[in-house]
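**Student:** How does the following fold in three dimensions:
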Amino acid sequence: MTFFDLGLVLASVICVAGLVWRVSKWCGRPVRNSAPFSPLKGMQAFVVDVLLLARTGRQSPLRWIGHTLIFVGFMGLLLFHALDDQITSNFFFGYESTLDPWQFLRNLFGLMVLVGLGIMTYRRVANKKLRELTRFQDWFAFLLVGGIILSGFFLEATKIMSPRVFDRMVYEYLVVEDGSDLTALKAVWADKYGVVFTERLPMNEETLARGMELDEESCMDCHSNTSSSFVSRTMATALTPIGPALNRSQATEVFWYLHLLLCFVGLAALPFGKFLHPLTTPANLIVRQGRRDGEGETPSVRKGLGLDACTRCGECSLHCSVAPAFSVMGNSDILPSEKLISFKKYQQGELFGDALTAFADGSRTCTECLRCTDICSAGINLQELWMEAKQAAQVQRVDMNMAVRQLTPKGRIQTFECSDCKPDIYGLADNKESYQGCVQCTTCTSVCPVVAVCEDASADLDLMPQQIMNLLRMGMKEEAMGARMVWSCTTCYKCQEHCPQNIRVADVLYELRNTAAVRMRKGNQ
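**Tutor:** Predicted structure coming up:
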């Protein structure tokens, strides 16, 4: 069994087994009613969202260009290069991979993929938030795809230069009895095709003319001028000074094995991590039928498909309305792209300890604004997933807000007391300069939307914002932590923006709530 046969069999077995394993995880969940599938809408979604990448285009023109180049280029290489014996040769009479337009298209498709990868890499490096969300599997996917394309270009470049390849073709396809004819043909292939021969060849007009005759008679039916391989030929020309060394080291064979090895790794990795999304994302977009809202999904197979359709592009996290909370709390499960990973682990029973706590807290932080579902280029119904995640969070961990409301005023003080605690988070509540300028003018209370919607603010909220500032001024931090106002604050920052004394009212309330939550957790451990 050859290297190619062995590698293809092993990679295919791993791929099929992995696909069965991944698909099996989609089943076995409760099923709800869902909107019926419409073939017409499904076909429309295939054209608009899969082929034209319309959802990606709504987010960023640069990202759309990058994805389109990768999608078109890789599909072109797959259909007209990797599967040329199965597809191209059966549909195009007289197909030869060394003839145009296939020789030209192979280079064009490969260059499109590389340019697309360059654009996507630039976006992830240039955007600080996106760079922080990028994981090892994202870079590995970029490197693997880039390695496949570059090794293919180097393989073709070294084949263009290789006299060994030339000798093999002459031996198999051409009978040259006259040594001068072989020399003439070599001269033409060195001049026209870029082969780097070790011997010095005559380049006079008579020799080249005879070589052209032989080339037209025996070679041109199967070989276009390698100049149409504009990337590979350029690389071959650049490598000409070290051409003899590359030929002696059998670089063509080295790059052939490397190219096949990377392709087999890509095939074997297809069912794992984000590598599956080239299959699951189009399938999910078709199943979703172009919907951009959170309506009508089924858990079970469709939900599992949606979970595996994530491309980890990070757009949902960049547009998340509660993303600023991540910069304060440091819980990555607040961000949709990261929470989705934890949600998958939770459903598979692989989330425990602190990771489970972070997932529960991150799920409760979601405001259900629907922005992530609307922006998702993979068409995942994230809204439905977050609703389920919130239900799971309620089971796994007590909601701090509800726990505080159920305590008596005395119980709140006892819960939050901490004699040896150092200043928490920012330490605003421990710094008199944060609130000593308060003149109790009640401007903060007047503009507060939470106070405005309460029928009886004193009963519902215990204390108003300016009264909380007064408690802190008197050193009653634990009493301030237990006020329902602290736990009802929506952090809209109106109080802070309108304060005539420039007191950071909202920041103080937010700090008090987070400090109290930390102390409650420590008390429950």
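**Student:** Please count neighbours and contacts with C-alpha atoms only from this point.
**Tutor:** Will do.
**Student:** Next, count neighbours for the closest residue to residue 210 other than its chain neighbours.
**Tutor:** Closest residue to residue 210 in three dimensions, ignoring its sequence neighbours and counting by Cα to Cα, 6 or more residues apart in numbering: residue 184, at 6.1 Å. Look at residue 184: counted by other Cα atoms under 10 Å, it has 25 neighbours.
**Student:** Three-state assignment for residue 184, please.
**Tutor:** Using DSSP: H, G, I helix; E, B strand; the rest coil, the structure places residue 184 in helix.
**Student:** That one contacts residue 215, correct?
**Tutor:** No: assessed by Cα atoms under 8 Å, residue 184 is found out of contact with residue 215, at 9.5 Å.
**Student:** What is the subsequent helix or strand relative to whichever helix or strand residue 279 is part of?
**Tutor:** For residue 279, the host element (DSSP states H and E) is helix 277-288. If you walk from helix 277-288 toward the C-terminus, the next helix or strand you reach (DSSP H and E) is helix 301-308.
**Student:** what packs against that following helix?
**Tutor:** helix 277-288 (3 or more Cα pairs under 8 Å, 6 or more residues apart in numbering; DSSP states H and E).
**Student:** Contact partners for residue 291?
**Tutor:** By Cα atoms under 8 Å, 6 or more residues apart in numbering, residue 291 lies in contact with residue 379.
**Student:** ok, back up a step: tell me the gap between the helix holding residue 279 and the middle of its chain.
**Tutor:** Relative to its parent chain, helix 277-288 has a centroid offset of 15 Å by Cα atoms, centre = their mean, to the nearest Å.
**Student:** and if you look at stretch 152-164?
**Tutor:** 33 Å.
**Student:** Show residues contacting that stretch.
**Tutor:** 107, 110, 165, 193-197, 226, 231-233, 235-236, 240, 243, 246-247, 251-252, 255-256, 259.
**Student:** so of those, which ones are in helices?
**Tutor:** Counting by DSSP state H, the contacts of stretch 152-164 place 107, 110, 165, 231-233, 235-236, 243, 246-247, 251-252, 255-256, 259 in helices.
**Student:** which residue packs closest to residue 146, ignoring adjacent ones?
**Tutor:** With sequence-adjacent residues excluded and distances taken as Cα to Cα, 6+ apart, residue 146 is closest to residue 114, at 6.5 Å.
**Student:** wait, doesn't that neighbour sit right on residue 144?
**Tutor:** No: in this structure, residue 114 is not within contact of residue 144 by Cα under 8 Å, at 11.6 Å.
**Student:** For those two, indicate the residue with more neighbours.
**Tutor:** Comparing residue 114 with residue 144 by other Cα under 10 Å, the one with more neighbours is residue 114, at 22 against 15.
**Student:** does that one sit in a helix, a strand or a coil?
**Tutor:** Three-state call for residue 114 (three-state DSSP): helix.
**Student:** any idea how far residue 471 is from it?
**Tutor:** According to Cα to Cα, to the nearest Å, residue 114 and residue 471 sit 62 Å apart.
**Student:** Any stretches of the stretch 351-500 of the chain with poor pLDDT?
**Tutor:** The stretch 351-500 of the chain contains residues with pLDDT under 70 at 393-426.
**Student:** now with 80?
**Tutor:** 364, 367-368, 391-427 (pLDDT under 80).
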